[in-house]
Every structure is written in structure tokens, then in C-alpha cells.
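# Provided below for reference: sequence and predicted model.
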Protein chains: 2
Amino acid sequence: MIPLSLNTVTVKEKWGLADCIEGCARHGIPGISPWRDVLHAMGVDGAARKIRDAGLTVTGLCRGGMFPAPDAAGRAAAIEDNRRAIEEAHKLGAQCLVMVCGGLPAGSKDLPGARAMVRDGLSAILAEARAAGVTLALEPLHPMTCADRSVLSTLGQALDLCEALGEGVGVAVDVYHVWWDPDLARQMRRAEGRIAAFHACDWLVPTTDLVFDRGMPGDGVIDIAAIRRMAEAAGYNGFTEVELLSRRWWAEEPDHVLRVMKERHAAIS
Amino acid sequence: MIPLSLNTVTVKEKWGLADCIEGCARHGIPGISPWRDVLHAMGVDGAARKIRDAGLTVTGLCRGGMFPAPDAAGRAAAIEDNRRAIEEAHKLGAQCLVMVCGGLPAGSKDLPGARAMVRDGLSAILAEARAAGVTLALEPLHPMTCADRSVLSTLGQALDLCEALGEGVGVAVDVYHVWWDPDLARQMRRAEGRIAAFHACDWLVPTTDLVFDRGMPGDGVIDIAAIRRMAEAAGYNGFTEVELLSRRWWAEEPDHVLRVMKERHAAIS
């Protein structure tokens, strides 16, 4: 049985982090992956203690990254924020810090330039991440987010960065972001030893919003089990984390969301 | 000066094909690319005559493709429809038939299977396209359309298909669909001699709809001029066709749309 992890954004409208920790314990969900907003709201040290006491594995901290900025001050501020994120991930004992690398700086059309800012930002924090024992999990995001969230768009591109940066850098594979990729099977093989996190949700038909209309696993067209098998063939045997940004599911009662999530996960595990 | 072409979908809410032909003549736009719905509404022979009389170049016919279907009868019907499209493109003297290859069949999660249906569909019509002298222009569509419009998602994938199919098959490069691709520069070099059409519109921030929120060139973040230069470096010296699926621009007066389109095109040419 593949272990399941709750990404806190999945129930973010109704539950804070303490609720999520209790909810995971109540539903027998062994993993949790907090976003930093709910982590800060609870307090990092208290959250770390409570998560430890509940016996949960922290499958990731969401999120570092967001490196590109129009000016040097903005880029430096992003790097500072990533340093804090590394420290938080270390305190939580998180399996990785998920990196959503950032889009184009405001007003820019310079995609190669933004990619260079991402690479430079990662380079700037790498020594600290290594020292803290925090794996930086580069998450390629769906190309529809390229302008405003992530100029890192494909698994192949993420693996190129991994190779350039070396030790301490891996990838977060979210089926929502990579399922369409004609080069996926080959890149998943190439990802051997590099997969630090595996995220699941589903692509709905139709999809009515570019950010907040992700589907519960099983409600869409992604062959999640097939992609999970690719991850396992590449040596990944960790958690499947359900990360659902969905106005529809945010409106539901969180205990119901966790029940459905468990059922769906069991069906494809 | 790069020659400009009007894709009729850009003004589809207010103008039929006859209006588009007259509009191009009135605004000094030398190219036109009709969708088949307006073509059928006008009648193919009459449209071909009127376009010829107006001295317009038909830069493409939109569209063939849509091969995947749940059953053999559906796939055969798609192939039949593509045969008619080839005949229409031939009658118009179109520079290509733009192929929007199709998404997953209803109810399917089998992406490799859908891709095979696309390849098989193209193979089935290839002899007829060659005999008619109609280039099949494979258009990779943005990955956000993978489920319901095109399992052909990247230029690299389209070029792989070109190579597998051989003579008579090229690519349609639409900046909206390919701008995000980290592998774009390399694939554009590889596309040498294969580019049959070049389409332009822009990626808006934010984008509020996955289909109908394309931006007028200049209103978004795509470095259209840079991608056009890549096309020219790969030997393409043809038209830039403005294809805008946009609720915002559909609501405007079409003569205004054509004026803006011309200005924007001039600014990046």
C-alpha cells in the first residue's frame, strides 16, 4: 500500500495546520505537507512538535522558489525568503522543500532571462540547503503557469537543472503538471534517484480555471497509476501527496474531503 | 515587411467569410486563413473565386485533424471529414491544411493510445493530401488543451511525426502554443524546411479562460519577434497569421480589430 500524504492546501479554506494534523491522525493518513502560510500561522516550533507527536511524516514543505524579480533587491529578497524556508523545512524534518521556481518578472518577456534568475537563485541557496540536509525538490509546473508561476515547465528541464546543480537537488513530480508530456516516460526513467516527492490530483474536462480547478484523483483523465508506476520503476517508493487547488473541494467539509481522498488513493494504489 | 494574414476566427462573431475577404482587401491585408464553418456557409467554390479575385493568399485552411474517437466508426468518420478538408484546401489553393489533431477520446485516459490514433489518422489521409498537393501542417497545441483538443503538445513531438510520415507533412507554429517550451530554440532549428505556417497571438497575464482568452499581439508576455526570427532562421519567410480566440476581441467592431492587428503586426515586424 502506497502511503498517503495530505497537502494542507487541499483543505485550506476551512482548516488551519493544527486541524490538518488532527485530521490526518483521525483518518489514519500518515503524511502531511504544509504550506508556509498555515505553518507561520501556527508557529514553526509548535507545529514541528505537534506533527512529531502525531507520528506524521512531513513529505514536503510548500514552497520555496519564486526567484525572478524585476530588480536585484527583489531577487535578493526572494533568496532571503528561501533561506527562511530552508530553516523551516529543517525544523519540520521535511523530506524536501518544494520549489515553485517563479514566472516572468512583471513587465518582462525575457523567458531565458527568467530561467537564468531561477538557476542563479537556486545556486545561491544550495550550500545552505545542503548544510541543513534539506533536499530542494524542483517542481516543473504545467506550461499554462509559465508566465506567472513557473518558467520551469517540464521534467526534462528540471532534470537538466538537477544535473547542473548536483547534490541536494531533486524533483517533485506532480501528475497534474507532467501528464501531458510526450517525453514523460523517457524523463521519468532519467529521474532515477532524483524523485523527492510525488503529487497527485486530476485534470478535469472541462477545466474552467487555470489555477483553482484541479480534480480529485479519479475525477479526471490522468492515468495516475501509470505515472506512479513510472516513479516506482525509477526507484521512488515514498508517499503520494494529494495537493488539490480546487474551489469545488474547498467548499466541502474537510473530513469528507479526507475520506474521499483516502478512497480514491486506495483505488489507484 | 512580413506579410500579414487574417485568420477568420479572429472576427468570427461579427463577420462571415465574405466580410473577411472584403475586410482584408479594404485594410490591405494580403493573406486570409478561413475556418471551415465560415467556408461552408459561403460555399467553397464561390469563396475560392472571391478570394482569388481579391488577390489574397490563403495561408491555411483551419482545420483538419480531430482523429481520436472511442470507436472505429468515429475514427473512420474523422478520416472522411479530413478527406473533404483536403479537397477544400486544394480548391482554395491553401498553403496548408492546419491539423488540430484531437484530444483523448471521451472517457479515455489512454494518452499513448490517442497519440497512435492521431498517427494512424494522418497516415490514412497522407496519400490523398500528397496527390492534392496539400501540405498537412501539424500544429502542436498548448499542453492545457491535451485532454480535449490536441494530444500533440510540443514542436518536438510534431517534428517526430513529420519525420515518421515524410513528404507532404509540415508544422504550423503558433507562438501561443509553443512560447513556454524550454526546448523551443533547438526544435525551431530542427524545423528547418518544415514550417508551413506561422501564427501569432499573445499570452495574457492573467489568462482567465483556457480557450477564449488569447491576447492581441503586444498585449501579453510572448516575445513574438524572437520566435518569428527563429522561424526565419529556419528558412520560413511566409506570412504571420493572426489567430485570436478571444471573447474580448470578438465583441469589438471587426474593422477596429483589423486596424489594431495591422498596427501590432507592424510594430513587431
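Happy to help now that I have it. Numbering: from 1, shown residues only, chains lettered A, B, ... in the order given.

# out of everything not next to it in sequence, what's closest to the residue of the stretch 1-150 of chain A found nearest chain B?
Residue nearest to chain B within the stretch 1-150 of chain A: A:Cys146 (3.8 Å; Cβ to the nearest Cβ). Where you see a C-beta, it was placed from the backbone N, CA and C, and this is true even at glycine. Nearest non-adjacent residue to A:Cys146, counting by Cβ to Cβ, 6 or more residues apart in numbering or on different chains: B:Trp180, 3.8 Å away.

# List the contacts of the most centrally placed residue in chain A.
Nearest to the mean C-alpha position of chain A, by Cα atoms, centre = their mean, lies A:Val98 at 4.7 Å. For A:Val98, the contact set (Cβ atoms under 8 Å, 6 or more residues apart in numbering or on different chains) comprises A:33, A:60-65, A:137, A:139, A:172, A:197.

# so which pair among those residues is furthest apart in space?
Maximum pairwise distance among the contacts of A:Val98 (Cβ to Cβ): 15.0 Å, between A:Ser33 and A:Gly65.

# So the two - more neighbours on which side?
Counted by other Cβ atoms under 10 Å in any protein chain shown, A:Ser33 and A:Gly65 do not tie: A:Ser33 has more neighbours, with 31 against 27.

# can you pull out the helices in the stretch 151-269 of chain A?
Taking DSSP state H, counting those that start in this stretch as the test, the helices found in the stretch 151-269 of chain A are A:155-165, A:175-178, A:184-190, A:224-233, A:247-250, A:254-268.

# Nearest to chain B, out of the ones you listed?
helix A:155-165 (4.2 Å).

# How far does stretch A:91-98 sit from its chain's centre?
11 Å (Cα atoms, centre = their mean, to the nearest Å).

# Backbone torsions only: list them for the nearest residue to A:Asp213 once chain neighbours are set aside.
Of all residues not flanking A:Asp213 in the chain, A:Thr207 sits nearest, at 5.1 Å (Cβ to Cβ, 6+ apart). Dihedral pair for A:Thr207: phi -100, psi 120, per degrees, to the nearest 10.

# Model confidence for A:Thr207, exactly?
A:Thr207 is assigned a pLDDT of 97 by the prediction.

# and what of A:Ser269?
77.

# so it sits right up against A:Met1, yeah?
Yes. The criterion here is Cβ atoms under 8 Å, and A:Ser269 meets it with A:Met1 at 5.8 Å.

# Between those two, point out the one with more neighbours.
Remark: of A:Ser269 and A:Met1, A:Ser269 carries more neighbours, 13 against 6, as counted by other Cβ under 10 Å.

# List the contacts of that one.
Here A:Ser269 is in contact with A:1-2, A:228, A:240 (Cβ under 8 Å, 6+ apart).

# cool, A:Asp209 as well?
Taking Cβ under 8 Å, 6+ apart as the test, what A:Asp209 contacts is A:Arg247.

# Could you tell me the phi and psi values at A:Gly65?
phi 110, psi -140.

# just checking, it touches A:Asn82?
Yes. Between A:Gly65 and A:Asn82 there is a contact at 7.2 Å, judged by Cβ under 8 Å.

# so what's in contact with these two at the same time?
The contact sets of A:Gly65 and A:Asn82 overlap at A:Gly121 (Cβ under 8 Å, 6+ apart).

# got the residues of the stretch 101-250 of chain A near chain B?
A:104, A:108-111, A:115, A:142-144, A:146-148, A:151, A:153-154, A:156-157, A:179-183, A:203, A:205-208, A:210, A:220-223 (Cβ under 8 Å from any Cβ of the partner chain).

# Counting neighbours, which of the residues you listed end up buried?
Neighbour counting with 16 or more other Cβ atoms under 10 Å in any protein chain shown marks A:104, A:108-111, A:115, A:142-144, A:146-148, A:151, A:153-154, A:156-157, A:179-183, A:203, A:207, A:210, A:220-223 as buried within these.

# What count of nearby residues applies to A:Lys50?
17.

# tell me which residues of the helix or strand harbouring it are tucked away?
Using DSSP states H and E, A:Lys50 maps to helix A:44-53. For helix A:44-53, burial by neighbour count (16+ other Cβ under 10 Å) applies to A:44, A:47-48, A:50-51.

# What separation is there between the nearest residue to A:Ile268 once chain neighbours are set aside and A:Ala266?
Using Cβ to Cβ, 6+ apart and skipping the chain neighbours, the partner closest in space to A:Ile268 is A:Ala225 (4.6 Å). Counting by Cβ to Cβ, to the nearest Å, the gap from A:Ala225 to A:Ala266 is 12 Å.

# Good, wrapping up.
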